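Sharing a model that was predicted from the sequence below.
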Amino acid sequence: MINMLIVDDEYYIREGIKNGINWNEYDINICGVAGSGFEALDMLEEYAPSIVVTDIRMPDMDGLELLDVINEKYSNIKVILISGYRDFQYAQTAINLSAFCYMLKPIDQNELVSKVLEAKKIIEEQVEKVKHDEDIKKRLEENISILKDNFLIQLVKGKKINPTEIRKK
């Protein structure tokens, strides 16, 4: 299950995103809701979400500032920015800060679900790749002594091995 954090200063928007969609059906856990960017920062440490859905315009710390902090400290988190403003500058900044996507309010639930599932798929692929890489590394570490022993046995038995190959191994 993927953890998702919702950040918006408007209570009804937060609750609408949280309760208006059956996230469990999509294997998404709403790990928390925050009313400000500062509140969200505390929750990032506590809940370790993989996805953050955040409003852009909020008092104290806006969504773009939050995205900037997330990029610095938690580069694996996918951030979906939402805004009620059709300001091109926001969208451009969001792109420059590598937001996963930028959506306009009012939010279409189907579009939000689609974007969250798209982010989830990418996260799951990244996790699978890391697991695969760790598995390969583990197998290599387990077999390195066997490979060394086999190579030394070949040398002791007098097998002709190219000097370049010896240095390489």
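The structure has been received and is ready for your questions.

The nearest residue to residue 5 once chain neighbours are set aside: what secondary structure?
In space, and not counting its chain neighbours, residue 5 is closest to residue 49: 4.0 Å by C-beta to C-beta, 6 or more residues apart in numbering. (C-beta placed from N, C-alpha, C; glycine too.) Using DSSP: H, G, I helix; E, B strand; the rest coil, the structure places residue 49 in coil.

pLDDT score assigned to residue 49?
Reported pLDDT at residue 49 in the predicted model: 98.

Tell me how many other residues surround it.
Per other C-beta atoms under 10 Å, the neighbour tally for residue 49 reads 25.

With residue 10 instead?
Neighbour tally, residue 10, other C-beta under 10 Å: 14.

ok, now which ones touch the closest residue to it other than its chain neighbours?
Leaving aside its chain neighbours, residue 10 sits nearest to residue 55 (7.2 Å; criterion: C-beta to C-beta, 6+ apart). Residues near residue 55 by C-beta atoms under 8 Å, 6 or more residues apart in numbering: 7, 8, 9, 10, 13, 63, 81, 82, 83.

The residue nearest to residue 5 and residue 67, how far apart?
13 Å (C-beta to C-beta, to the nearest Å).

likewise residue 134?
29 Å.

List buried residues within the contacts of residue 55.
For those, a burial check counting by 16 or more other C-beta atoms under 10 Å picks out 7, 8, 9, 13, 63, 81, 82, 83.

CA atoms of stretch 22-30 as PDB?
Presented in PDB, the C-alpha positions along stretch 22-30 are these (Å, rounded to 0.1, in the frame of the first residue of the first chain):
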ATOM      1  CA  ASN A  22     -12.400   5.200  -1.900                       C
ATOM      2  CA  TRP A  23      -8.600   5.300  -1.900                       C
ATOM      3  CA  ASN A  24      -8.300   1.800  -0.300                       C
ATOM      4  CA  GLU A  25      -9.800   0.400  -3.500                       C
ATOM      5  CA  TYR A  26      -6.700   1.700  -5.300                       C
ATOM      6  CA  ASP A  27      -4.300   0.400  -2.600                       C
ATOM      7  CA  ILE A  28      -3.600   4.000  -1.400                       C
ATOM      8  CA  ASN A  29      -3.500   4.900   2.300                       C
ATOM      9  CA  ILE A  30      -4.200   8.500   3.200                       C
END
